[in-house]
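Asker: Quick one, what's the 3D model for this:
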Amino acid sequence: MKVYWCFLFLSIIGIFVCNIYPRYVKVNGQYEPRARLWQAVILFGVVIFFCGLRSGIADTPAYIQEFNSAPSNIFQLDLSIIQKDKGYAVLETLFKQFISDDYHWWLLFIACISGIAVMYTLYRYSIDFGMSFFLFIASTQFTWLLNGMRQFIAVAVIFAAIPLMMEKKWWQYALLVILASTIHGTALIMLPVYFVAQLKPFSLKVIIISIIIAGVGLNIGSLEFLFDNTQYEGYLDTIIATEGMNYIRFFVSLVPTLISIMGRKIVKAENDELIIICTNMSFFYVSVQFAAIFVGANYLGRIAAYFSMYIFILLPWLIKKCFTKQSSLLIKIICIGCYCIYFYYQMVVTWNLGYYSDILNLSL
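Answerer: Numbers count the residues shown, from 1 in each chain. Modelled structure (predicted):
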């Protein structure tokens, strides 16, 4: 657990360092302070290093076993017996054949892909990178690098495709999502999201779509016909039987959306394509999280991960743009305090997650 507390402490320091030593970027005719690349690399580098060299945490042993049992030659890989996520199997085999058959470097490689994709996207688009990094840590989203890493590859890669959405490059975006779906099939939900994420924020269409998303989540059993005679047959029974998410996690996910609603006039006036996308994503995120309260928290939470990443761009923007200079500082301090409490609740009270690494000889 000490490693994770170090992550949180580092993220708090990062807020100040990124604001004290910024670079200035011209945005819409005005110069705005942004983080420097070395700041982003150091902050994310520490997290990637320790998460990548872990062992024995959550589902990591299953990934290690899978890697060790994978063939060492691509011609030995029989895709016909692999039911799902064939792209991951191919990537795993190629790594083992041409780079290393040591699982430590495989886990580090995956952590680098996901971590760098998130880092660069936040570095390029966040108005306050230090705050974005803090939210990534304090919201415990960084734990995707420890558990569910295969899906997080898809989440991170699609998140990095924000410029394709902004520039309306549908075919490139679709191809990327389809490629990501070979790593984790859930990525396909982002194909229709491409269109609805670019609707006018706070519009009736967005509200209706958000309600529909929540409704589908609450009545997920009605989708059983989609899974008949597929590799996922019977999967919905597991989802329905899974306990719902705790209310605290839902209310935390609700904060950015509530602030965006309060500052909707500013959001509309700015008419920033990036913030429009992030605002709509926050609505969809809340919808999925709401449904997860009642059914299938572990599984619907995985769907919510695709939407949660945009919060790390949206919330710092809202804090800076929707409040005066004095009040924005106060709101930021309140957010830091509240998210630190949430971090403690999630990491210590709920999960009590330890850290293990045989290669680093650490057990904390």
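
Asker: May I ask which helix or strand of this protein has the lowest mean pLDDT?
Answerer: Lowest mean confidence among the helices and strands of the chain (mean pLDDT, DSSP states H and E): helix 224-227, at a mean of 46.

Asker: mind showing which ranges of the stretch 251-364 of the chain have poor pLDDT?
Answerer: Counting by pLDDT under 70, the low-confidence segments of the stretch 251-364 of the chain come to 295-298.

Asker: pLDDT on whichever helix or strand A214 is part of, on average?
Answerer: Applying DSSP states H and E as the criterion places A214 in helix 204-218. Mean per-residue pLDDT for helix 204-218: 86.

Asker: and that helix, what does it pack onto?
Answerer: helix 190-196, helix 273-294 (3 or more Cβ pairs under 8 Å, 6 or more residues apart in numbering; DSSP states H and E). (Glycine included, C-beta is placed from N, CA and C.)

Asker: So which of the ones you listed has the densest surroundings on average?
Answerer: Neighbour counts (mean count of other Cβ atoms under 10 Å) averaged over each of the helices and strands packed on helix 204-218 peak at helix 273-294, with a mean of 23.

Asker: Beyond that helix, next helix or strand please.
Answerer: Next element after helix 273-294 (DSSP H and E): helix 297-308.

Asker: Next, the residues that contact the helix or strand that comes right after that next one from outside, please.
Answerer: Sequence-wise, the next helix or strand downstream of helix 297-308 (DSSP H and E) is helix 311-321. By Cβ atoms under 8 Å, 6 or more residues apart in numbering, the residues outside helix 311-321 that reach it are 121-122, 125-128, 131-132, 135-136, 139, 141, 253, 255-256, 259-260, 263, 266-267, 270, 274-275, 278-279, 281-282, 285, 328, 331-332, 335.

Asker: On the C-terminal side of helix 311-321, identify the next helix or strand.
Answerer: As the chain continues past helix 311-321, the following element, by DSSP H and E, is helix 325-344.

Asker: Which SSE is immediately downstream of that next one?
Answerer: Proceeding N to C from helix 325-344, the next assigned helix or strand is strand 356-357, under DSSP H and E.

Asker: on contacts alone, who are the packing partners of the helix or strand following that next one?
Answerer: Moving toward the C-terminus from strand 356-357, the next helix or strand (DSSP H and E) is strand 362-363. If you count contacts as 3+ Cβ pairs under 8 Å, 6+ apart, strand 362-363 packs onto strand 356-357.

Asker: show me the contacts for I189.
Answerer: 303, 306.

Asker: again, only using 10 Å
Answerer: Neighbour list for I189: 158, 177, 181, 213, 284, 288, 303, 306-307 [criterion: Cβ atoms under 10 Å, 6 or more residues apart in numbering].

Asker: ditto for V267
Answerer: Contacts of V267 (Cβ under 10 Å, 6+ apart): 201-202, 259-261, 275-276, 278-279, 314, 317-318, 321-322.

Asker: Redo the contacts of I189 as JSON lines? Include distance to R54.
Answerer: JSON lines is the format used below for the contacts of I189 (distance: Cβ to Cβ, whole Å):
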{"residue": "I158", "distance to R54": "24"}
{"residue": "V177", "distance to R54": "28"}
{"residue": "S181", "distance to R54": "26"}
{"residue": "I213", "distance to R54": "33"}
{"residue": "F284", "distance to R54": "31"}
{"residue": "V288", "distance to R54": "27"}
{"residue": "I303", "distance to R54": "25"}
{"residue": "Y306", "distance to R54": "23"}
{"residue": "F307", "distance to R54": "26"}
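
Asker: ok, these vs A197, which is closest?
Answerer: Of all those, F284 has the smallest distance to A197: 7.6 Å, by Cβ to Cβ.

Asker: Now for the nearest residue to the closest one once chain neighbours are set aside, how many residues are close by?
Answerer: Among residues not flanking F284 along the chain, F307 sits closest, at 4.9 Å (Cβ to Cβ, 6 or more residues apart in numbering). Close neighbours of F307, defined as other Cβ atoms under 10 Å, add up to 27.

Asker: circling back: can you say which of the contacts of V267 are buried?
Answerer: Buried by 16 or more other Cβ atoms under 10 Å: 201-202, 259-260, 275-276, 278-279, 314, 317-318, 321-322, out of the contacts of V267.

Asker: Now those in TSV, please, with extra columns for distance to Q151.
Answerer: Formatted as TSV, these follow (distance: Cβ to Cβ, whole Å):
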residue	distance to Q151
P201	27
F202	30
I259	28
S260	26
I275	26
I276	26
C278	21
T279	24
L314	22
W317	26
L318	27
K321	32
C322	32
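
Asker: so who does S203 touch?
Answerer: S203 neighbours (Cβ under 10 Å, 6+ apart): 209, 280.

Asker: That one and S69, how far apart?
Answerer: As judged by Cβ to Cβ, to the nearest Å, S203 and S69 stand 50 Å apart.

Asker: nearest spatial neighbour of the spatially most central residue of the chain, skipping sequence neighbours?
Answerer: The residue lying closest to the centre of the chain (Cα atoms, centre = their mean) is M309, at 4.2 Å. Take M309 and drop its neighbours on the chain: the residue closest to it by Cβ to Cβ, 6+ apart is F159, 4.3 Å away.

Asker: What is the neighbour count of that neighbour?
Answerer: Neighbours of F159 under the rule other Cβ under 10 Å: 24.

Asker: going forward can the numbers begin at 581, since that is how I track them
Answerer: Yep, numbering from 581; the last one is F739 now.

Asker: who are the neighbours in contact with it?
Answerer: 694, 697-698, 701-702, 732, 770, 861, 885-890, 892-893.

Asker: Done for today, thanks.
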